[in-house]
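J.: just coords:
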Ligand code: EPZ
């Protein structure tokens with residue numbers, strides 16, 4: 001397994017191209033199963049998770065072509081509701097997103113329950129309840145979800161007890177082919193949900209309100225060939241804003257959209273980071289000293305859980321004590337013991353981390369655990385005095401395209417060493 005060797009203490013300067021959003025690409029790739037016409041996605045990031053989803057789709061008979069590095073054409077004309085290979089499903093939770101489209105298109109589906117992961121149990125009960133509300137028969141047998149709707153799905157009112165991103169996406173995709181109207185109440189409002197709605201409408205769906213807490217879908221019976229350009233990845237943009245701040249540097253995030261980072265910008269500005277829009281995206285500049293802040297992660301438009309680990313790395317160097325309360329996932333503190341190896345002073349109590357700022361981090365060998373935790377270790381290593389080694393960087397490759405190359409172009413001293 002590859003590892004990264006990072007010599008810290010070098011302020012980053014320059015610009016970074018922000019890629020298309022991984023968490024929009026994954027549901028939009030799954031959505032192609034709804035249609036017998038090709039879907040062309042552009043601004044697609046080159047990530048391991050995207051490759052995994054494409055392999056999964058090919059297992060269902062989807063024809064996947066990549067005319068260039070950032071374009072995918074997926075054609076489910078000849079697809080069948082086969083069974084996905086377990087070795088693919090177990091590596092990525094987002095594979096559950098094929099369940100709704102398979103059921104809506106073919107009337108039946110058998111999909112492995114995704115395992116939990118480093119950040120929590122990650123249940124899918126809300127996905128299953130949404131499909132049952134649309135009239136599906138759902139059973140869980142031997143670690144598989146077995147769903148059937150031999151007479152098709154029927155539009156209904158789906159009230160989500162919590163604004164689950166995945167459950168909202170499953171409900172939207174299944175309802176797109178259901179008979180009649182579906183209303184999703186307490187829908188997740190993440191920009192990636194809005195982007196999926198725009199993609200489905202380009203395919204011929206009739207969806208209103210995606211990105212708001214109430215979504216209405218008029219079922220249709222056929223789709224048309226479609227093209228859709230992915231929105232930029234706000235989590236990648238936020239990650240590089242922290243990279244500028246933690247190294248005392250300045251980066252232009254090309255393609256970043258400040259309006260999708262409002263809660264993040266508020267936190268970073270309170271921590272002393274300067275952010276402003278430019279013609280090409282967003283500029284992030286260190287303000288010198290880092291001030292402590294208190295954060296609570298929340299569903300969008302609140303502070304995103306996917307940036308909690310990265311901002312924690314920044315706050316380990318603040319002039320004072322910060323608290324970070326994680327309300328979305330029950331175990332998203334895998335980065336804490338690894339950050340402590342750099343000399344960070346972090347105490348955990350339940351779902352709250354208390355971070356006492358230290359004057360300096362020092363280099364250490366550390367282990368990546370999950371996608372966002374692993375990038376927080378890279379951020380800490382960029383600031384730490386000395387040479388750090390980060391093991392198991394395959395976690396990084398799942399969600400960050402060419403992270404080491406992008407950082408080297410901005411002045412970081414990073415070497416990737418194949419194991
Ligand atoms: C999506 O995961 C993202 N993944 C996650 O990003 C992100 O952290 C999360 O949304 C929250 O924003 C993708 O879009 C592929 P949820 P998802 O359903 O859909 C509970 C990353 O790093 N829940 O909004 O799985 C769940 O346990 C990843 O890119 C149920 O209880 O998140 C969690 O506590 C990590 N039952 C909460 O809801 C369900 O059926 C929010 O989960 C579904 C979820």
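T.: On my side now, so go ahead. From a predicted model like this one, the values you see are computed outputs, not experimental measurements.
J.: what's near enough to touch residue 380?
T.: For residue 380, the contact set (C-beta atoms under 8 Å, 6 or more residues apart in numbering) comprises 246, 313, 316, 339, 342, 344, 361, 388. In short, each C-beta sits where N, CA and C put it, glycine included.
J.: and the first one, how many neighbours?
T.: Other residues within reach of residue 246, judged by other C-beta atoms under 10 Å, total 29.
J.: again, but for the last one
T.: Neighbourhood size, residue 388 [other C-beta under 10 Å]: 26.
J.: hmm, residue 367 and it touching each other?
T.: No. The pair residue 388 / residue 367 is not scored as a contact, 11.6 Å apart, by C-beta atoms under 8 Å.
J.: picking up where we left off before, tell me the one among the contacts of residue 380 nearest to the ligand.
T.: Of all the contacts of residue 380, residue 313 has the smallest distance to the ligand: 15.3 Å, by C-beta to the nearest ligand atom.
J.: spit out the contact partners of that closest one.
T.: Contact analysis of residue 313 by C-beta under 8 Å, 6+ apart lists 242, 246, 335, 339, 344, 376, 377, 379, 380, 383.
J.: min pLDDT across those, which one?
T.: Minimum pLDDT across those is recorded for residue 335, with 94.
J.: checking the closest residue to the ligand within the stretch 151-300 of the chain next. Helix, strand or coil?
T.: Closest contact between the stretch 151-300 of the chain and the ligand, by C-beta to the nearest ligand atom, is at residue 166 (2.8 Å). Three-state assignment for residue 166 (DSSP: H, G, I helix; E, B strand; the rest coil): helix.
J.: now it: how far from residue 97?
T.: Residue 166 is 7 Å from residue 97, where distance means C-beta to C-beta, to the nearest Å.
J.: tell me which of these two has more neighbours.
T.: Comparing residue 166 with residue 97 by other C-beta under 10 Å, the one with more neighbours is residue 97, at 27 against 23.
J.: name the nearest residue to that one, sequence neighbours excluded.
T.: For residue 97, ignoring the flanking residues on the chain, the nearest one in space by C-beta to C-beta, 6 or more residues apart in numbering is residue 30 at 4.0 Å.
J.: wait, is the one you found part of a helix?
T.: Yes. Residue 30 forms part of a helix when assessed by three-state DSSP.
J.: surely it touches residue 50?
T.: No. The criterion here is C-beta under 8 Å, and residue 30 misses it with residue 50 at 11.7 Å.
J.: on that earlier part again, joint contacts of residue 166 and residue 97?
T.: Listed as contacting both residue 166 and residue 97 by C-beta under 8 Å, 6+ apart are residue 27.
J.: phi, psi of residue 221?
T.: The phi and psi values for residue 221, taken as degrees, to the nearest 10, are phi -110, psi -20.
J.: would you map the helices across the stretch 151-300 of the chain?
T.: Listed in chain order, the helices found in the stretch 151-300 of the chain under DSSP state H, counting those that start in this stretch are 165-175, 191-203, 234-246, 262-270.
J.: quick one: the first one to chain centroid distance?
T.: It stands for helix 165-175. Relative to the chain's own centre, helix 165-175 is displaced by 16 Å; criterion: C-alpha atoms, centre = their mean, to the nearest Å.
J.: any idea of the angle it forms with helix 191-203?
T.: Helix 165-175 runs at 10 degrees relative to helix 191-203, counting by axes from the mean of the first three to the mean of the last three C-alpha atoms, to 10 degrees.
J.: go on, the shortest one?
T.: Calculated by the same axes, to 10 degrees, helix 262-270 forms an angle of 150 degrees with helix 191-203.
J.: just to revisit the earlier point, which of the contacts of residue 313 fall within helices?
T.: Counted as lying in helices by DSSP state H, out of these, are 242, 246, 335, 339, 376, 377, 379, 380, 383.
J.: give me the neighbour count for the fourth one.
T.: It refers to residue 339. 27.
J.: show the contacting residues for it.
T.: Residue 339 touches 312, 313, 316, 346, 376, 377, 380, counting by C-beta under 8 Å, 6+ apart.
J.: of those, which is the nearest to the ligand?
T.: Nearest to the ligand among the contacts of residue 339, with distances taken as C-beta to the nearest ligand atom, is residue 376, at 11.6 Å.
J.: of all the helices of the stretch 151-300 of the chain, which one is nearest residue 283?
T.: Nearest of the helices of the stretch 151-300 of the chain to residue 283, taken as C-beta to C-beta: helix 234-246 at 8.7 Å.
J.: so which elements touch that closest one?
T.: Packing partners of helix 234-246 (3 or more C-beta pairs under 8 Å, 6 or more residues apart in numbering; DSSP states H and E): strand 250-254, helix 262-270, strand 281-285, helix 308-315, helix 371-383.
J.: do that again at 6 Å, thanks
T.: Applying 3 or more C-beta pairs under 6 Å, 6 or more residues apart in numbering; DSSP states H and E, one finds that helix 234-246 contacts strand 250-254, helix 308-315, helix 371-383.
J.: with distance to the ligand added, can I get the ones you listed in a markdown table?
T.: Below are the helices and strands packed on helix 234-246 laid out as a markdown table (distance: least, C-beta to the nearest ligand atom, whole Å):
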| stretch | distance to the ligand |
| --- | --- |
| strand 250-254 | 18 |
| helix 308-315 | 9 |
| helix 371-383 | 5 |
